[in-house]
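Student: Just a sequence and a predicted model for now, questions to come.
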Amino acid sequence: MYGAMALQYYGMLHRTLTGGEPPEITPEEVRLQIAVMEECFRQNAEFARKHTF
């Protein structure tokens with residue numbers, strides 16, 4: 001499964017960098033996802049201590 005996901009990601013990245021296509025995932029979407037994860041960790045400190053990314 002990871003191999004297929006990596007292939008999709010790097011294919012998208014290649015099309016963005018070489019073909020001028022807009023990225024499927026924007027920096028704003030990434031920032032929002034990180035903020036959600038940080039808030040989840042803040043609300044559950046025990047889980048955060050056991051899991052790092």
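Tutor: Cool, the structure landed.
Student: from here on, contacts and neighbour counts on C-alpha atoms
Tutor: Noted.
Student: elements contacting the lowest-mean-pLDDT helix or strand in the chain?
Tutor: Least confident helix or strand of the chain, by mean pLDDT, DSSP states H and E, is helix 45-50 with a mean of 80. Helix 45-50 sits against helix 27-43, with contacts defined as 3 or more CA pairs under 8 Å, 6 or more residues apart in numbering; DSSP states H and E.
Student: about what we covered before: contacting residues around the least confident helix or strand of the chain?
Tutor: The contact list for helix 45-50 (CA atoms under 8 Å, 6 or more residues apart in numbering) reads 41-42.
Student: how far is it from where the chain is centred?
Tutor: From the chain centre to the centre of helix 45-50 is a distance of 20 Å (CA atoms, centre = their mean, to the nearest Å).
Student: In CSV, list the C-alpha atoms belonging to that helix.
Tutor: The C-alpha trace of helix 45-50 is given here as CSV (Å, rounded to 0.1, in the frame of the first residue of the first chain):
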residue,chain,number,x,y,z
ALA,A,45,-0.8,14.3,26.2
GLU,A,46,-0.6,10.6,27.1
PHE,A,47,-1.1,9.6,23.5
ALA,A,48,1.4,12.2,22.4
ARG,A,49,4.1,10.8,24.7
LYS,A,50,3.7,7.3,23.3
